[in-house]
Structures are given as C-alpha cells and as structure tokens.
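>>> next come a sequence and a model predicted from it.
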Amino acid sequence: MRSAASSEIEWPNDVASARAIQEALRSQVVREDRLGPVNTVAGVDVGFEDRGRTTRAAVAVLAFPGLEPLAQAISRSPTRFPYVPGYLSFRELPAVLGALDQLAERPDLILCDGQGLAHPRRFGLACHLGVLTDIPCIGVAKSRLVGRHDELPPDKGQWVPLRDKGETIGAVLRTRTRVSPVYVSIGHRVNLAAAIDFTLRCTTRYRLPETTRYAHRLASGLSEKGVSNRY
DNA sequence: GCGACAG
DNA sequence: ATCTTGTCGC
C-alpha cells in the first residue's frame, strides 16, 4: 500500500520541531467511528535493535473476526530520532510506514503498539499513524504514559476509564483475568467503546491481542511459515 | 525543585 | 526496550 511514503515526509530533528508537528496535526484526529466493513485487522509492533541504533517495525495482517494470518512485513531503518517520552512516533513511524508499504492491501483497521489519545498532547503513535495513513487505528499499550484511573476489577473484559486533566483519554482494560491490563485509546476513526470491543475481539488467550502478538513474534525473529506478504 | 516517563 | 535472580501459582 502506497498511501504514506515515509521518504516523502519531513521528519524533525529535535523535540521542539517535533512538538510543533504534534500541535499542528492533533486536530486531524477523528475520534468518532468512521469505519467500513472490517475484514482485516493489522497489528503493529515497534522496537529497536543495536542498543537503539536501528529501529524496527513489524506488521501482521489477520482476518477478522477469525484471526487467521494473512500477511506480514518487517522493516528496519537507522534510528533518526531518540526515544523521548511523548515523542515515540518520530522515532518509530518511518519504520512502521516502511512495513506498511510492503503490504499489497490496506488493512481495514490497525491495532498499534503504544498510546493514541492517551498522550500529553493527545497525539501518540497510534494517532500519528492513523492521521498519516487515514486508516482506522487503535492504540494498545503495555504500560501507562499519562493519566490516572481507579482500581481495576480482576476479570477479563472489565475496564475503567483513564483520565487526564478532566477528560477521558482511554481505558485500562483487562484482557485476561488477573493479568496486568493494557491501555487502550483512540488512534483514529474509532471511538473508545469500539476500540475496547475490537481489542477484546482480537484477544484470545494472551495478554495482548493476536494481531500485536503476531507482529511481536515476527519482529523477535521467529516468523510464521506459509504466510507471504500479500493476500 | 522533584518525580514520572508509550517503546 | 533489555538484563537477571528469586518467587509464586497452576
């Protein structure tokens, strides 16, 4: 899919200009449901290698709701922005877009590693990815960046709002009974209720959704056999 | 001023 | 994110 070539984007080299980009793009995040039929769901996993010198992103596309693997791609590129809390997207997005470009088809929905609106300026990685590609996107993070919340009941499926500065910015969601929760937030074109629902429907027996988990395993080295990078 | 801080 | 020992529960 060629909708957001990373090479055609001007990437910032410092936090001040990165912040200006966030402030300029944050109004483009669509917080309501604007989804077509969801037949394919992609999971995006980000991370780094070589003590941070190389950034890597993996994407796995699964059928929905059956979650059968359909396609996968991985992209590595030299790190061009350091990890600074609140600015993760400037470090990871070039690799993420590179991985998405390897796919033959645009996924109908993306579950992205990291935060969406649950971000100091309401423009986390999942929002940035959603705005640049205009693909419906949900942020699924393994730990908290900002926000406070009440104690979370132990049963699978239960959730409590994540709040910051008087507004709900996401949900703390139990994807497995008595297992540490994940942090779900709007990325783009999906409301919070739908984001929670999709996250649960993509989660089977592990803490993380199969989409994200599949991408993570791909990035960790052990790819699945018999799955090509096209449908 | 001090702690907190997605991956 | 990554590293690593000890502990707990099924």
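Sure thing, it's come through. Remember, predicted model here, so these are calculated numbers, not experimental data.
>>> counting by contacts, list what the one helix or strand in chain A whose mean pLDDT sits lowest packs against.
Using mean pLDDT, DSSP states H and E, the weakest-scoring helix or strand in chain A turns out to be helix A:210-219, at a mean of 92. Here helix A:210-219 touches strand A:40-49, strand A:54-63, strand A:69-78, strand A:109-113, going by 3 or more CB pairs under 8 Å, 6 or more residues apart in numbering; DSSP states H and E. In short, each C-beta sits where N, CA and C put it, glycine included.
>>> single out the most deeply packed of those.
strand A:109-113 (a mean of 29; mean count of other CB atoms under 10 Å).
>>> hang on, the earlier thing: so what angle separates the directions of the least confident helix or strand of chain A and strand A:69-78?
50 degrees (axes from the mean of the first three to the mean of the last three CA atoms, to 10 degrees).
>>> circling back: so which of the helices and strands packed on helix A:210-219 gets nearest DNA strand C?
With CB to the nearest atom of the strand, the closest approach to DNA strand C among these belongs to strand A:40-49: 4.3 Å.
>>> and that closest one, what other elements does it pack with?
Using 3+ CB pairs under 8 Å, 6+ apart, strand A:40-49 is in contact with strand A:54-63, helix A:88-101, strand A:109-113, helix A:210-219.
>>> CSV for those, including distance to residue A:166?
Formatted as CSV, the helices and strands packed on strand A:40-49 follow (distance: least, CB to CB, whole Å):
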stretch, distance to residue A:166
strand A:54-63, 34
helix A:88-101, 24
strand A:109-113, 26
helix A:210-219, 30
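>>> quick check: bridge partners of the residue nearest to residue A:218 when sequence neighbours are not counted?
Residue nearest to residue A:218 in three dimensions, not counting chain neighbours: residue A:58, with 4.4 Å by CB to CB, 6 or more residues apart in numbering. In this entry, residue A:58 is beta-bridged to residue A:45, residue A:74, by DSSP bridges.
>>> for the one 4 residues further on, same thing?
In this entry, residue A:62 is beta-bridged to residue A:41, residue A:69, by DSSP bridges.
>>> pretty sure it sits against residue A:39.
No: at 10.2 Å, residue A:62 does not count as touching residue A:39 under the criterion of CB atoms under 8 Å.
>>> distance of the most centrally placed residue in chain A from residue A:153?
Nearest to the geometric centre of chain A sits residue A:112, at 1.3 Å (CA atoms, centre = their mean). Here residue A:112 is placed at a distance of 26 Å from residue A:153 (CB to CB, to the nearest Å).
>>> residue A:47 too?
According to CB to CB, residue A:47 and residue A:153 sit 31 Å apart.
>>> go on, residue A:186?
Taking CB to CB, one finds residue A:186 at 23 Å from residue A:153.
>>> ok, residue A:92 next?
Separation of residue A:92 from residue A:153 (CB to CB): 32 Å.
>>> which one of residue A:186 and residue A:153 has more residues nearby?
Taking neighbours as other CB atoms under 10 Å, residue A:186 and residue A:153 compare with residue A:186 leading, 32 against 12.
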